[in-house]
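Colleague: 3D model of this:
(one chain, ligands or ions: 2)
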Amino acid sequence: MSIKTLNGECLCGIVSWQMKGPYEFFGMCQCSRCRKVTGAAFAANLFVKPEQFLWRSGENKRGEYTLPLPNTFGNAFCNKCGSRVPRQTAKGWMLLPLGSTMEAPNISPTLVQLEDHTEWFTKLNEIV
Ligand SMILES: [Zn+2]
Ligand SMILES: [Zn+2]
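Modeller: Numbers count the residues shown, from 1 in each chain. Ligands and ions are numbered 1, 2, ... in the order given. The predicted structure is shown next:
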């Protein structure tokens with residue numbers, strides 16, 4: 001497990017945060033909700049305990065959307081630029097959009113939700 005400290009920020013930089021290892025889970029999720037919320041083939045999320053997480057700026061500049069019960073899914077975003085930003089899950093974990101991290105995370109991802117595997121993403125073409 002990595003104990004590296006990582007910093008993240010939204011596109012405009014108003015919302016920023018820091019997290020400290022050890023990191024236990026980095027999930028790449030391909031479920032339909034994660035694809036919708038990111039607009040991408042998968043969400044890349046690091047999960048840490050609240051005591052491993054610190055807001056550096058802009059905590060009050062965030063918007064948050066939660067799907068109605070019984071769903072345990074939502075999204076948090078910068079009110080200015082719309083980038084995904086951290087949020088606390090219903091189970092108490094801090095969910096961090098790892099693509100907004102400034103440093104390499106030093107933890108390998110786990111692919112989740114294989115049943116929603118997006119074939120169109122895995123058939124990659126290379127630009128030569
Ligand atoms: Zn922003
Ligand atoms: Zn998902």
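Colleague: which of the residues in the lengthiest helix in the chain are buried?
Modeller: The residue-count maximum for a helix in the chain (DSSP state H) belongs to helix 32-38. Going by neighbour count (16 or more other Cβ atoms under 10 Å), the buried part of helix 32-38 is R33, C34, R35, V37, T38. Any C-beta I mention is one placed from the backbone N, CA and C, and that applies to glycine too.
Colleague: Remind me which helix or strand S108 belongs to.
Modeller: In this structure, S108 is located outside every helix and strand according to DSSP states H and E.
Colleague: tell me the contacts of the residue nearest to it when sequence neighbours are not counted?
Modeller: The spatially closest residue to S108, leaving aside those adjacent along the chain, is F26, at 6.8 Å (Cβ to Cβ, 6 or more residues apart in numbering). By Cβ atoms under 8 Å, 6 or more residues apart in numbering, the contact set of F26 is A44, N45, L46, F47, L98, P105, I107, S108, P109, T110.
Colleague: Kindly recompute the last result at 7 Å.
Modeller: Applying Cβ atoms under 7 Å, 6 or more residues apart in numbering, we find F26 in contact with L46, L98, P105, I107, S108, P109, T110.
Colleague: so the third one sits in a strand?
Modeller: No - with DSSP: H, G, I helix; E, B strand; the rest coil as the criterion, P105 is located in coil rather than a strand.
Colleague: Can you get me a residue count around it?
Modeller: Residues lying near P105 (other Cβ atoms under 10 Å) number 18.
Colleague: Ok, the fourth one next?
Modeller: When neighbours are counted by other Cβ under 10 Å, I107 registers 18.
Colleague: now do the second one
Modeller: Burial of L98 is recorded as 21 neighbouring residues (other Cβ under 10 Å).
Colleague: Any idea which of the contacts of F26 the model trusts least?
Modeller: On pLDDT alone, P105 ranks lowest of the contacts of F26, at 82.
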